[in-house]
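[1] I need the structure of the sequence given here:
(one chain, ligands or ions: 1)
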Amino acid sequence: MNPSNPEIENVVIIGSGCAGLTAAIYAARADLSPVVIDGYEPGGQLSLTTMVENFPGFPEGVLGPELIERMRKQAERFGARYVEGAVRAVDLNSRPFTLTLDGRTFRTRSLIVAAGASARMLGLESERALLGHGLSTCATCDGYFFREREIAVVGGGDSAMEEATFLTKFASRVTIVHRRNEFRASKIMLDRARENPKIRFLTPYVVEEVLDVEKGLVEGVRLRNPETGEKKTLPVEGVFLGIGHEPNTKVFRGILDMDDAGYLMTRNGTHTNVEGVFAAGDVADTTYRQAVTAAGAGCKAALDAGKFLTEHK
Ligand code: NAP
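    Numbers count the residues shown, from 1 in each chain. Here you go, the predicted model:
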């Protein structure tokens with residue numbers, strides 16, 4: 001491809017998680033020869049998890065990275081092409097659209113944004129090291145592995161309350177650790193968690209470290225009370241972060257319609273406010289956020305893009 005005069009693609013897909021790769025499978029099988037731009041987190045959130053037991057078709061479960069690798073190969077088999085890097089700028093004012101990556105330019109008749117949402121992290125090295133080894137950002141995905149274990153949920157919003165309540169199905173005890181005494185969660189969610197005999201609250205505490213990186217598994221969290229400076233260790237075998245998600249939509253600010261939190265808004269299936277631009281997966285989903293729903297949305301976006309291309313030859 002010549003960077004100064006790039007050829008015009010049929011469809012470029014931003015993001016190589018479940019939504020983007022499913023869109024790529026469908027677009028490739030429709031002979032659209034899609035280009036998939038990997039983004040900052042190639043493989044998306046699935047590539048950060050270990051065992052996935054709720055994706056249909058895998059009765060024994062499947063490792064997240066393996067599932068992603070299989071999807072990649074499946075799309076490649078039908079002609080999808082992969083490009084490393086992240087999109088830095090977009091021009092969606094006229095078609096073909098223009099996307100700029102580090103030093104490269106792509107022009108495309110249609111665009112599928114499947115850039116995902118990244119789970120907010122605390123910013124600790126120990127949390128990165130133990131992600132998938134006792135530390136998780138998804139209760140629905142990983143709760144099952146913590147039967148009769150003591151776990152901590154970090155956060156004070158609706159996600160933390162929902163995750164903690166869900167996790168009591170498995171865990172022997174759930175401790176919600178929150179950095180303030182006041183909660184952002186809605187009253188109904190907070191009350192539900194407060195009434196649950198398996199849940200207790202520990203506030204105000206900041207997580208300073210997840211233990212124990214050397215052993216490669218979670219043994220506890222080191223906490224600090226920001227008001228008194230007191231420190232203590234909470235022994236737990238699992239830590240779930242429920243401190244929110246950030247949709248990867250910065251590059252589309254002021255261009256694509258998004259809600260206050262930055263999630264893309266779609267209408268009539270996967271259509272955005274710009275004709276020829278479609279959105280799929282967690283980048284446009286504040287509710288379900290599952291691998292299988294992202295895959296479904298990716299399929300829809302590819303079908304919508306295919307229809308659009310047929311109508312705008
Ligand atoms: P959120 O409302 O933004 O809450 C995030 C929580 O995490 C806050 O309590 C925040 O503390 C804490 N937090 C953020 N960064 C932190 C850090 N670095 N260290 C420690 N704590 C940190 O996010 P959410 O709970 O994911 O909810 C997002 C939206 O989805 C909300 O509108 C919510 O109502 C909605 N939602 C609804 C449901 C439901 O109705 N079933 C379920 C889940 C989510 P501070 O409060 O101190 O800032």
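[2] so residue 200 makes contact with residue 172?
    No: under the contact definition of Cβ atoms under 8 Å, residue 200 does not touch residue 172, with a separation of 11.9 Å. Quick note: C-beta positions are derived from backbone N, CA and C, even for glycine.
[3] report the helix or strand with the lowest average pLDDT across the protein.
    Of all the helices and strands that make up the chain, strand 51-52 has the lowest average by mean pLDDT, DSSP states H and E, namely a mean of 77.
[4] which helices and strands sit right next to it?
    strand 62-63, helix 64-77 (3 or more Cβ pairs under 8 Å, 6 or more residues apart in numbering; DSSP states H and E).
[5] downstream of the last one, the next helix or strand is which one?
    With elements assigned by DSSP states H and E, the helix or strand that comes after helix 64-77 is strand 81-83.
[6] what packs against the helix or strand that comes right after that following strand?
    Past strand 81-83, further along toward the C-terminus, the next helix or strand under DSSP H and E is strand 89-91. Contacting strand 89-91 under the criterion 3+ Cβ pairs under 8 Å, 6+ apart are the following elements: strand 97-101.
[7] any idea how far the residue in the stretch 151-300 of the chain that the ligand sits nearest to is from residue 164?
    Ranking the residues of the stretch 151-300 of the chain by distance to the ligand (Cβ to the nearest ligand atom) places residue 157 first, at 2.4 Å. Plainly put, residue 157 is 11 Å away from residue 164 if you go by Cβ to Cβ, to the nearest Å.
[8] swap in residue 86?
    For residue 86, the distance to residue 164 (Cβ to Cβ) stands at 34 Å.
[9] between the two, which has more neighbouring residues?
    For residue 86 and residue 164, the more surrounded residue by other Cβ atoms under 10 Å is residue 164, and the numbers stand at 30 against 17.
[10] so the more buried one sits against residue 193, correct?
    Yes: between residue 164 and residue 193 a contact is recorded at 5.4 Å, counting by Cβ under 8 Å.
[11] can you pull the residues that touch both of the two?
    Residues within reach of residue 164 and of residue 193 at once, by Cβ atoms under 8 Å, 6 or more residues apart in numbering, are 176, 199.
[12] roughly how far apart are residue 74 and the ligand?
    32 Å (Cβ to the nearest ligand atom, to the nearest Å).
[13] distance of that residue relative to residue 29?
    Computed with Cβ to Cβ, the distance linking residue 74 and residue 29 is 9 Å.
[14] what's the answer for residue 153, then?
    Between residue 153 and residue 29 the distance, using Cβ to Cβ, works out to 41 Å.
[15] give me the more crowded residue out of these two.
    Neighbours of residue 153 and residue 29, each counted by other Cβ under 10 Å, are more numerous for residue 153; the result is 30 against 16.
[16] no more questions from me, cheers.
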